[in-house]
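Asks: What follows is a predicted protein model with its sequence.
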There are 4 protein chains.
Amino acid sequence: MFIQLDFETDIPIYEQLKDEIIIGIAKKELKPGDRLPSVRALASDIGINLHTVNKAYQQLKQEGFVLIHRQRGVVINPDGAPKADEQYKQKLKMSLRPTIADSLCRGIDKESYFTIVEAIYEELLEGGKSNE
Amino acid sequence: MFIQLDFETDIPIYEQLKDEIIIGIAKKELKPGDRLPSVRALASDIGINLHTVNKAYQQLKQEGFVLIHRQRGVVINPDGAPKADEQYKQKLKMSLRPTIADSLCRGIDKESYFTIVEAIYEELLEGGKSNE
Amino acid sequence: MFIQLDFETDIPIYEQLKDEIIIGIAKKELKPGDRLPSVRALASDIGINLHTVNKAYQQLKQEGFVLIHRQRGVVINPDGAPKADEQYKQKLKMSLRPTIADSLCRGIDKESYFTIVEAIYEELLEGGKSNE
Amino acid sequence: MFIQLDFETDIPIYEQLKDEIIIGIAKKELKPGDRLPSVRALASDIGINLHTVNKAYQQLKQEGFVLIHRQRGVVINPDGAPKADEQYKQKLKMSLRPTIADSLCRGIDKESYFTIVEAIYEELLEGGKSNE
DNA sequence: GTGGTCTAGACCACA
DNA sequence: GTGGTCTAGACCACG
């Protein structure tokens, strides 16, 4: 489980951190019940601000990916993340529409798009074998 | 071609505007050579500042979707948008990975995801029949 | 002597027109004493506004490239353009510095730059053989 | 590194600012990785609006001269500016042609022109010794 | 502290 | 009329 951040992009660091952790969960490199490093440890490890790590953790908790125990620290939600409801799918669709429209304008047809998505699924599903 | 903006979300207005226009192009409601409203007209139409509209137009110009023509104002690029290269696909993939991982964690499998994407393509491709 | 205008660039049309005429003079396609088309003729010929052509002509007059006679219309200055003084050279240098700096940053060394300039001189000096 | 602006000329301030910074990079007064002043600092320093500085910075970013780094602010691109391709050279040539034609008409021959360009190169290349 | 966004209102150049 | 530039001042997100 490597955390790779890009300080030059305009995606906030805490978002990137969240994303990396969620990808880790999706890949099953992080399993329900697993402990995450402490805010301090992770911050100094990556070389970023405490608040930044904290913000990521808080949002992950808010979204149900992790639980924050006083004693045990931050752990991956043993029950797994909350299942997607219709509202989630609706938001997903809304967020996807602009990028799909953009790629469509640039000549990426449905098949090419699916190929790309397929590649991501493979990376997420197969990548889990080498469980870190 | 209706421009629908959400002033509550944290997506910048100029981004939403860009997205709407790109979707319009994808749906072929906006065709190569078509004129867009003037910054002032559109701004007062939507009820936002002309600089915000201008920012959207400038970025669309920069990305090759529109030309800013001396006489005719802002025009959909007659040559269409620049075709996607490998770099674009790579960036697309990178931007898609986190959302796919997120939905995967929430129990949306590949088939469900494809269904959603499929629905978007239908909306974009079929919507063109009723040209605005 | 073809006037080629680009309506998509951000260089004003009257500037482009001026440039084309000056290039014509440099190439000796336009010789001292030659008449230029009337404002009206040229405007309708190129499909631009009267005022635009007029502005170009006025500035060419102002810079000494042409004379505007009541009867004979616009003619290339029989005495040639005014010779460059030190002030002109100074301004030229100032205007060149940023582009040279830019190309230098992008890896164009002095030799490459000279090669480009050389090509332009050839085009201007040799092109005159086929006098329009 | 002094920023010298001319408020009389019709060259936009943000362009002059860009030019000054690019010249600074060419002269190696600004080296890869160097930080530029914050928009606010530079704006109040020069006595212009922060949006004007921002516009210059944004365009420099867009052209690859600087990165806008989350933590470190605006930084000279550590990898240097993107190398010139054929398209760049073509545009350079196009932009040079009118000024060369103009100076040619005014009696500046190739040798005189080269002398001027030579002087600029000396200023840019030698100036680096006295690193500000 | 940084840059990002949005607003408001001004003036100018261009066609 | 169009877009381009500049100013001024506000609020927010990020780290």
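Replies: That came through, no problem.
Asks: Show me which residues of chain A sit near chain D.
Replies: Residues of chain A lying near chain D by Cβ under 8 Å from any Cβ of the partner chain: A:7, A:8, A:10, A:12, A:13. Backbone N, C-alpha and C define where each C-beta goes, glycine included.
Asks: one more time with 7 Å, if that's ok
Replies: Within chain A, the residues that sit near chain D (Cβ under 7 Å from any Cβ of the partner chain) are A:7, A:8, A:13.
Asks: Report whether the longest helix along chain A contacts DNA strand E.
Replies: The longest helix of chain A (DSSP state H) is helix A:86-105. No. Helix A:86-105 does not reach DNA strand E (Cβ under 7 Å from any atom of the strand); its nearest approach is 14.6 Å.
Asks: Going C-terminal from that helix, what's the next secondary structure element?
Replies: helix A:110-126 (DSSP states H and E).
Asks: Going by neighbour count, which residues in that next one are buried?
Replies: Within helix A:110-126, the residues that count as buried by 16 or more other Cβ atoms under 10 Å in any protein chain shown are A:110, A:113, A:117, A:120, A:121, A:123, A:124.
Asks: hmm, it in reach of chain B?
Replies: Yes. Under the criterion of Cβ under 7 Å from any Cβ, helix A:110-126 makes contact with chain B via A:110, A:114, A:116, A:117, A:119, A:120, A:121, A:124.
Asks: Skip the chain neighbours and tell me the closest residue to the second one.
Replies: Ranked by Cβ to Cβ, 6 or more residues apart in numbering or on different chains and with sequence neighbours excluded, the top spatial neighbour of residue A:114 is residue B:114, at 7.0 Å.
Asks: Run through the residues that contact the residue sitting furthest away from the middle of chain A.
Replies: Distance to the chain centre peaks in chain A at residue A:107, reaching 28.5 Å (criterion: Cα atoms, centre = their mean). Applying Cβ atoms under 7 Å, 6 or more residues apart in numbering or on different chains, we find residue A:107 in contact with B:83, B:84.
Asks: picking that back up, filter the residues of chain A next to chain D to the buried ones?
Replies: The buried subset of the residues of chain A next to chain D (16+ other Cβ under 10 Å) comprises residue A:13.
Asks: Which parts of chain A belong to which domain?
Replies: A:13-76, A:86-129 (automatic domain parsing).
Asks: closest to DNA strand F out of the ones you listed?
Replies: domain A:13-76 (3.2 Å; Cβ to the nearest atom of the strand).
Asks: does any bit of that closest one sit next to chain B?
Replies: Yes. Domain A:13-76 is in contact with chain B by Cβ under 7 Å from any Cβ, via A:19, A:22, A:23, A:25, A:26, A:65.
Asks: Work out for me the element the closest residue in space to the last one that isn't next to it in sequence sits within.
Replies: Spatially, and ignoring its direct neighbours in sequence, residue A:65 is nearest to residue A:81 (5.2 Å; Cβ to Cβ, 6+ apart). Residue A:81 is part of no helix or strand, with elements assigned from DSSP H and E.
Asks: For residue A:81, the count of nearby residues, please.
Replies: Counted with other Cβ atoms under 10 Å in any protein chain shown, residues neighbouring residue A:81 total 22.
Asks: from what I can see residue A:101 touches residue B:28, true?
Replies: No. Under the criterion of Cβ atoms under 7 Å, residue A:101 makes no contact with residue B:28, lying 11.0 Å away.
Asks: quick one: average confidence on stretch A:26-33?
Replies: Averaging pLDDT along stretch A:26-33 yields 96.
Asks: ok, back up a step: tell me which of the domains of chain A approaches residue D:3 most closely.
Replies: When those are compared by Cβ to Cβ, domain A:13-76 sits nearest residue D:3, at 31.2 Å.
Asks: Please see if the closest one touches DNA strand E.
Replies: No. With Cβ under 7 Å from any atom of the strand as the criterion, DNA strand E is not reached by domain A:13-76; the gap is at least 9.9 Å.
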